[in-house]
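Asker: okay, here's the prediction I keep looking at, along with the sequence it came from:
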Amino acid sequence: MKMKHNLWTLLPFAAAAVQTALAAATPIRRDAWPYGPLSTNGNQIKNANGEPVIFVGTNWPGSGETMLPEGIEFRSIADIVGMMKYVGYNFVRHTYAIQMIDQIYENDGNDVTVQSALLDGLGEANATRIMGMIHENNPQITNTTTRLEVLDMIAEEEKKQGMLMHLDNHVSRALWCCSHDDGNAWFDDLYFNVSNWHRGHRYMAEWAKNHTNIVSMSLRNELRKSTIKSDLEYNWVTWWGNVSQAAENIHATNPDLLITISGLDYDIDLSALTSQANLLDAPYVNNDMNYVSNAQSMPAMYADIENTEFGKANKAVLELHAYKQSTYYGNHLEDCGAIQAGLYRFGFNALGESARPDGCNNSTDFSNPYSCPKANVTLPTLLTEFGDAMDSSYANVTMQKCLRDFTTKNKIGWAHWSLAGSYRTRQGVSFFNDTWGLTNPTWNEYQSKDTVDNFFRPWIQDMGPTNLEL
């Protein structure tokens, strides 16, 4: 049986990562905001003072073709961060591409300048114009400023205004995410070089040490089946082998960081981990999995997260997404009971039975929309992407109301998709306007002030103290 990057082939690498982790420096407690390093305790994330912290925030895209955070050509970094501060956010999930780190290694360890990144991503005419706009609104960014220096500036401004920066590896090749045929979908996909992925993680985990408000880092955004390379084994075994190794890799590099683990089918499903089902034949939300053909003759395998080095160090956090176009949720858009039961079944059951929605039934059938099986692990679980068009009807969308209710009741951290009301280039379109963005296309106003004032701000207030207040 051909197994590419599966659990068995990765065991020697995992052992080496464990030895490195054991030799890593002991995390140092910091006596100023945000009182890191953070760690997990049961279903909570806690600061170094033992206080539970709750993330509430948004996503700031920066993994497009220019590999620069969107919007800085329209507003100053301080103004953009100020817009997020007004809403009440304390957490910003920043997307980045592994290609950015690949280029640093190809350039003798030197990062690419903003000017060069724009030229490569946009072409000469647009690059010159956008560079001028960036410098006009952010005079500290010049022709010699690099991409990571811009991210340094943003991290410092977010810290100043009381926000955490979460590093999210969104893609390998820099482009809009996500689809089954974009080459970024699954381990060893067209652009998804696993060795470069690990190298990129190590680089960013090391870079994060420069900023005390970077307390967490993800592994990969929205893993999914590739339709470009049909020989890749899309299943729970391959998933766990790769993500556990990657998490050990990050933990060995920077033991302070929380590590967020995402699931399958565009990060809808983490049920095999939370239920501790046999990875060889565990149920799954969709019907496109390449199950191991002779699973019945093989010993059971489990995502034993509690016995990993990062798990034993209390650094493991789960993350899930929920959209109206998702495999499961798209069939239950007006049924809040089914939406919340799905959230619980697919991974939020790791929070414990106290998070079990009222609409659950006692069915053990995974395909039953109201089935809510008990988890066999207890871990913090975040909702790191959700969203819809930002207009006056947002507050009346059943799914958004259900997500708000579920996260508020259970004090679940969340990050809305997204901040960006426009993209320099996306899917071949220059100055792509996005109605799902918090900002308008020119980033000088909110796309829907009504939604900000009457939905998001009250939602954050209802979450109660986050222990991330400045």
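Answerer: That came in fine, so what should we check first?
Asker: CA atoms for contacts and neighbours, from now on please.
Answerer: Will do.
Asker: ok, the closest residue to A205 other than its chain neighbours - how many residues close by?
Answerer: The shortest distance from A205 to any non-neighbouring residue, by CA to CA, 6 or more residues apart in numbering, is to N254 (5.8 Å). Residues within reach of N254, counting by other CA atoms under 10 Å, total 23.
Asker: list the contacts of F431.
Answerer: Going by CA atoms under 8 Å, 6 or more residues apart in numbering, F431 touches 422-425.
Asker: helix or strand for it, which one?
Answerer: strand 429-433 (DSSP states H and E).
Asker: moving C-terminal from that strand, which element do we reach first?
Answerer: That would be, after strand 429-433 and using DSSP H and E, helix 449-451.
Asker: flag the shaky bits of this protein, pLDDT-wise.
Answerer: Counting by pLDDT under 70, the ranges of the chain that qualify are 1-29.
Asker: give me the most central residue, it.
Answerer: Ranked by distance to the mean C-alpha position of the chain (CA atoms, centre = their mean), the top residue is D168 at 4.9 Å.
Asker: need the contact list for the residue lying closest to P373 once chain neighbours are set aside.
Answerer: Counting by CA to CA, 6+ apart, P373 lies nearest to R345, which is 6.1 Å off, once chain neighbours are set aside. Contacts for R345 were tallied using CA under 8 Å, 6+ apart; they are 271, 371-373.
Asker: CSV please, covering those residues and showing neighbour count and distance to A395.
Answerer: Output for the contacts of R345, formatted as CSV (neighbours: other CA atoms under 10 Å; distance: CA to CA, whole Å):
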residue, neighbour count, distance to A395
S271, 26, 29
S371, 20, 27
C372, 27, 27
P373, 24, 30
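Asker: what's the most distant pair in the residues you listed?
Answerer: Longest distance between any two of the contacts of R345 is 12.2 Å, between S271 and S371; criterion CA to CA.
Asker: show me the helices in the stretch 301-450 of the chain, by range?
Answerer: Using DSSP state H, counting those that start in this stretch, the helices of the stretch 301-450 of the chain run over 309-312, 336-346, 398-410, 449-451.
Asker: partners of the strand holding F431, with directions?
Answerer: strand 422-426 (antiparallel) (DSSP bridges).
Asker: and the strand it pairs with, what's buried?
Answerer: 422-426 (16 or more other CA atoms under 10 Å).
Asker: other residues contacting it?
Answerer: Counting by CA under 8 Å, 6+ apart, residues outside strand 422-426 touching it are 64-65, 70-71, 122, 175-176, 430-434, 437, 440-443.
Asker: give the contact list for the residue nearest to the centre of the chain.
Answerer: 93-96, 217-221.
Asker: out of those residues, which is most surrounded?
Answerer: R93 leads these on contacts (other CA under 10 Å) with 28 neighbours.
Asker: for R426, see how far away it is.
Answerer: 19 Å (CA to CA, to the nearest Å).
Asker: most tightly packed of the helices of the stretch 301-450 of the chain?
Answerer: helix 336-346 (a mean of 25; mean count of other CA atoms under 10 Å).
Asker: can you count the residues close to A316?
Answerer: Using other CA under 10 Å: A316 sits among 26 other residues.
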